[in-house]
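Asks: sequence unknown, structure follows:
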């Protein structure tokens, strides 16, 4: 290509991130998705769980870490000394903070993409997993929500297939979005199973 052709070329169009829907808000920096190897298909539009999923995970960690650190510190303080009790309590709080950082990365790793014939789900921090679930193989889809998820208006969509080892779930969806996606996947599954 000559310099004249280069000058007239406006350059490549800016690429949209395949990690989120075009109209969804940008993810906070702590939920930014690290690039996954082998994912060069720009036509796949990855959807992300709600940012409230990270808040739910942090709340769960706090609900476990706080009482465990308090009880551990009290037991160590009564059995040993005040310094030992403080050390054990602070050590357990630090362990909870490290667990929270891991969970933040785990939440950032979740994503799903609807394609013409299947649903792709990716997850994992240390071991990255990407599942492709054909619509025709889905036997049933359910929506679950624990107490923390319910308090934040979230739900988890779980797809069940004939394979016993399948672990296809999408956590952190708004309840209305989860119900809508469940109905949509169920109708697509019925259509593919009957060959329509």
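Replies: Right, received. Where do you want to start? In this text the structure is predicted, and so the values were computed from the model without any measurement. Numbering: from 1, shown residues only.
Asks: I'd say residue 107 and residue 49 touch.
Replies: Yes. Taking contact to mean C-beta atoms under 8 Å, the distance of 6.8 Å between residue 107 and residue 49 places them in contact. The way it works is simple: take the backbone N, C-alpha and C, and place the C-beta from them, glycine included.
Asks: joint contacts of those two?
Replies: The contact sets of residue 107 and residue 49 overlap at residue 172 (C-beta atoms under 8 Å, 6 or more residues apart in numbering).
Asks: Going by neighbour count, list what's buried in the helix or strand containing residue 71.
Replies: Residue 71 is part of helix 52-79, with elements assigned from DSSP states H and E. Judged by neighbour count using 16 or more other C-beta atoms under 10 Å, the buried positions of helix 52-79 are 52-54, 56-58, 60-61, 65, 69, 72-73, 76-77.
Asks: With pLDDT and distance to residue 96 as extra columns, can I get those in JSON lines?
Replies: Rendered in JSON lines, the data for these read as follows (pLDDT from 0 to 100; distance: C-beta to C-beta, whole Å):
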{"residue": "52", "pLDDT": "91", "distance to residue 96": "20"}
{"residue": "53", "pLDDT": "91", "distance to residue 96": "18"}
{"residue": "54", "pLDDT": "90", "distance to residue 96": "15"}
{"residue": "56", "pLDDT": "91", "distance to residue 96": "15"}
{"residue": "57", "pLDDT": "90", "distance to residue 96": "12"}
{"residue": "58", "pLDDT": "91", "distance to residue 96": "10"}
{"residue": "60", "pLDDT": "90", "distance to residue 96": "11"}
{"residue": "61", "pLDDT": "91", "distance to residue 96": "6"}
{"residue": "65", "pLDDT": "91", "distance to residue 96": "3"}
{"residue": "69", "pLDDT": "92", "distance to residue 96": "7"}
{"residue": "72", "pLDDT": "90", "distance to residue 96": "11"}
{"residue": "73", "pLDDT": "89", "distance to residue 96": "13"}
{"residue": "76", "pLDDT": "88", "distance to residue 96": "16"}
{"residue": "77", "pLDDT": "87", "distance to residue 96": "19"}
